[in-house]
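Asks: coords please:
(2 chains)
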Amino acid sequence: MQAENIIETSNLSRIYRLGRVGEVRAVDGVDLKVPEAQFLVIIGPSGSGKTTLLNLLGGLDRPTSGKVVLDGLDFSEMGERGMITIRREKVGFVFQAFNLIPTLTAIENVEAALAPIGISRDERLKKSRRWLEGVGLGARTDHLPTELSAGEQQRVAVARAFVNEPKILLLDEPTGNLDTATGREIMEALRHANNDRGQTVIAVTHAGYVRPFADRILYMRDGKLYERDPGEIASEFEDE
Amino acid sequence: MIPYMYAMREISRRKYRTASNVAGFIIAVATLIALVTAARGWEACTAAPLRAIGADIILIYSAPIAPTPGTGCYIAMHLFAYPFNQTYVEEMADIPGLTRAVPVLMHRMRAVVFTGIDPSETETNAILPSNVIDGRYLEADDEYVALVDRKYAELNDLAVGGTVVYKRSFTVVGIVDVGAMNILKSHIYVNLPVAQEVILGSPTGLVDLALIRVNDPGKVDLISEVLTRKWPRSTAITSSELAATASGVIKMGEKTAWDISIATAVVAILFTIKSQLGAVTERTREIGILKAIGWGNADIVNQIVIESALQGLIGGLLGCVLGYGFAWYILSTIGGEAGGAFRFVSVDPIVLVIGFAVSIASGAVAGLYPSWRAARLLPAEALRAV
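Replies: Here you go, the predicted model:
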């Protein structure tokens, strides 16, 4: 039996109008269907529109045209409040630049994702600690981001993305700032989560070594998405 | 409550930015507290000499009062007063709004001040029954008896029952201590007719001071004007006139102090809003992160407003301490022989509450606009911020 699609887009476009340059079609008529629990990797060069696509899928940005339906919720019919709920409950993000709050400790960064849900501080801390232990940072919970290595910071970001137990994890170059060994460790952790919890994972990357973790690979170039390599993308991203 | 916790972290871990914002609030609150408290302290200080004798106005026939510069609230008043007819004092009692007019005659000879009083006036007078520390107060039918100032008595080995000489001998019936604030502090006090006889040669009915009490302190200036119009050669000395003898910032009245404080507070708050706007702009990316992990616009606004209000609270606290310190310093530089007017610094809970309220509210206001502006951004836009 075919799994239901957790996310679907139709003719999704995001166009930036940039004064004299004219317009940039960062995402150009993308039709995408992602079944539940799939580990999807999108490969493409810098500037191909991967991050913009991920932002549109996660409700961080609004499309110029087209539709995104996530877990049966059509973004085009939702107001700001609805989008906040989606970001809060349905989606977890991991960014290339870790994007941790520099003034908060590791556990406070993870806890921040639970803050708007309305659970007690004790419960927030318990869950946050459990997730940090899960990514091997049980002993570093009270450290500030500047006191953690790049790999540790990304693990904190992973724990923060998981702590709400979202249905979809959106990973924007999750290994981009990590060495290959650490990047692989992070990908393995994400793959385990995908296997164990059935969470859908969509990762955009240009790191070739990510491909073996994927159930499915798509290619992106000039804002368009391809089921098959339109040529030279894969070869540009052999294992580094 | 995570916005509160996050705000505390931002305040404690971004020390320079916090210090810059808090400085604005400190300036606003310290200015308000310092100016208002100093102005009030000075007013209280200058009112004290008149309050010590239970009067609102002293009327003399002379050139205007010329206090020794720098003596501050202790007005070492050398009253080069011309004697005037005691019947004027009786006429003053008929002026509406005037509750008491008390005649006094003062005389100085070889650094000894000799004063004649009407002992039936026990609320407004150069010396009051409450000043007697040994013996008794004067009585209406007393003749050649005197009250002697404590220090003068000590210096001259005088005690109750002893004899003091001023042109003639007087039996000491009481020792008095009037304190430094009494503007009419003398060495020897006797009954007014006796003083008139001793000083002027016979009970001529001349006096050189009228101590005046009014029923509404707000009408002191008005009644002073009525008195000086009726007796054109007279000078009415009031506490506001004494206050005007000061120089510099202390000379301002409470209203001026409030006006300057409000203007300073507005400037300080605008500075803080600008600073906060810059701080929030710097944190646009962080705001994008928070929005990406599910924080709503209200959560973002709450966090920044709480942070800014807390900075206001810290600024308010430090501003109050600093403001009272400044007020104390300003008043301690004046006050001369009385040992400094700083004793008149009083902590007014209303001024404190206003200082705090202004500081916290302006903190919240300073955070409101930048946070609202930041919260409106799409998370993707905010995350793109460098």
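Asks: Near the residue in chain A positioned nearest to chain B, how many other residues are there?
Replies: Using C-beta to the nearest C-beta, the closest approach of chain A to chain B is made by residue A:88 at 2.8 Å. Quick note: C-beta positions are derived from backbone N, CA and C, even for glycine. The local packing of residue A:88 (other C-beta atoms under 10 Å in any protein chain shown) involves 22 other residues.
Asks: which residues sit in contact with residue 153?
Replies: No chain in the question, so chain A it is. For residue A:153, the residues meeting the contact criterion (C-beta atoms under 8 Å, 6 or more residues apart in numbering or on different chains) are A:98, A:100, A:145.
Asks: sorry, should have said chain B
Replies: By C-beta under 8 Å, 6+ apart, the residues touching residue B:153 are B:159, B:172, B:175.
Asks: Identify the spatial nearest neighbour of the last one, chain neighbours not counted.
Replies: Using C-beta to C-beta, 6 or more residues apart in numbering or on different chains and skipping the chain neighbours, the partner closest in space to residue B:175 is residue B:134 (4.1 Å).
Asks: from memory the one you found sits against residue B:172, does it?
Replies: No - contact status for residue B:134 versus residue B:172: not in contact, 9.3 Å apart, counting by C-beta atoms under 8 Å.
Asks: Just want to know which of these two has more residues nearby.
Replies: Neighbours around residue B:134 and residue B:172, counted as other C-beta under 10 Å, are more numerous at residue B:172. The numbers are 21 against 16.
Asks: pLDDT (mean, whole number) over the strand or helix carrying that one?
Replies: Secondary-structure element containing residue B:172, defined by DSSP states H and E: strand B:168-176. Taken as a whole, strand B:168-176 has an average pLDDT of 94.
Asks: hmm, the helix or strand where residue A:33 lies touching chain B?
Replies: Per DSSP H and E: residue A:33 is located in strand A:23-35. No - with C-beta under 8 Å from any C-beta of the partner chain as the threshold, strand A:23-35 lies outside contact range of chain B, at a closest distance of 10.5 Å.
Asks: So in that sheet, which strands flank the next helix or strand after that strand, and in what orientation?
Replies: On the C-terminal side of strand A:23-35, the closest following helix or strand by DSSP H and E is strand A:39-43. Each strand that strand A:39-43 pairs with, and the sense of that pairing, follows from DSSP bridges: strand A:200-205 (parallel), strand A:216-221 (parallel).
Asks: OK, now which residue of chain B is nearest to chain A?
Replies: Distance from chain A to each residue of chain B (C-beta to the nearest C-beta) is smallest for residue B:294, at 2.8 Å.
Asks: just checking, that residue is part of a helix?
Replies: No - applying DSSP: H, G, I helix; E, B strand; the rest coil, one finds residue B:294 to be coil, outside a helix.
Asks: And it, what's its pLDDT?
Replies: Residue B:294 is assigned a predicted lDDT (pLDDT) of 90.
Asks: do you know how far it is from residue A:225?
Replies: Distance, residue B:294 to residue A:225, by C-beta to C-beta, to the nearest Å: 27 Å.
Asks: What ranges in chain A fall below the confidence cut-off?
Replies: Low-confidence segments of chain A, defined by pLDDT under 70: A:1-3, A:21, A:231-240.
Asks: now the angle from the top helix by length along it to strand A:39-43?
Replies: Secondary structure assigned by DSSP state H gives helix A:180-197 as the longest helix of chain A. Orientation of helix A:180-197 against strand A:39-43 (axes from the mean of the first three to the mean of the last three C-alpha atoms, to 10 degrees) gives an angle of 140 degrees.
Asks: Kindly list the main-chain dihedrals of the closest residue in space to residue B:294 that isn't next to it in sequence?
Replies: With C-beta to C-beta, 6+ apart as the measure, residue A:88 is the residue that lies nearest to residue B:294, at 2.8 Å, once sequence neighbours are left out. Backbone dihedrals for residue A:88, given as degrees, to the nearest 10, come out at phi -80, psi -40.
Asks: Surely residue A:88 and residue B:290 touch.
Replies: No - counting by C-beta under 8 Å, residue B:290 is not a contact partner of residue A:88; they are 10.9 Å apart.
Asks: need the residues of chain A near chain B, please.
Replies: On the criterion C-beta under 8 Å from any C-beta, chain B has as its neighbours in chain A the residues A:52, A:55, A:58, A:60-62, A:80-81, A:84-85, A:87-89, A:93, A:95, A:99-104, A:108, A:111-113, A:115-117, A:124, A:144, A:160, A:164.
Asks: one step back: residues in contact with the residue of chain B closest to chain A?
Replies: For residue B:294, the set of contacting residues under the criterion of C-beta under 8 Å, 6+ apart consists of A:84-85, A:87-89, A:113, A:116-117, A:164.
Asks: Sort out which residues of the longest helix seen in chain B are buried, please.
Replies: When chain B is scanned for its longest helix (criterion: DSSP H), the result is helix B:15-52. The neighbour-count criterion (16 or more other C-beta atoms under 10 Å in any protein chain shown) identifies B:17-18, B:20-50, B:52 as the buried residues of helix B:15-52.
Asks: Next up, the contacts around residue B:20.
Replies: Contacts for residue B:20 (C-beta under 8 Å, 6+ apart) come out as residue B:275.
Asks: Quickly note the distance from it to residue A:50.
Replies: The span separating residue B:20 from residue A:50 equals 39 Å under the rule C-beta to C-beta.
Asks: Helix, strand or coil: sort out the residue nearest to residue B:175 for me.
Replies: With three-state DSSP as the criterion, residue B:134 was assigned strand.
Asks: Could you pull up the residues touching it?
Replies: Applying C-beta under 8 Å, 6+ apart to residue B:134 gives the contacts B:159-160, B:174-175.
Asks: before we move on, what about residue A:48?
Replies: Residue A:48 sits next to A:220-223 when contact means C-beta under 8 Å, 6+ apart.
Asks: Residue A:170 against residue A:54, yeah?
Replies: Yes - Residue A:170 is within contact range of residue A:54, at 5.1 Å (criterion: C-beta under 8 Å).
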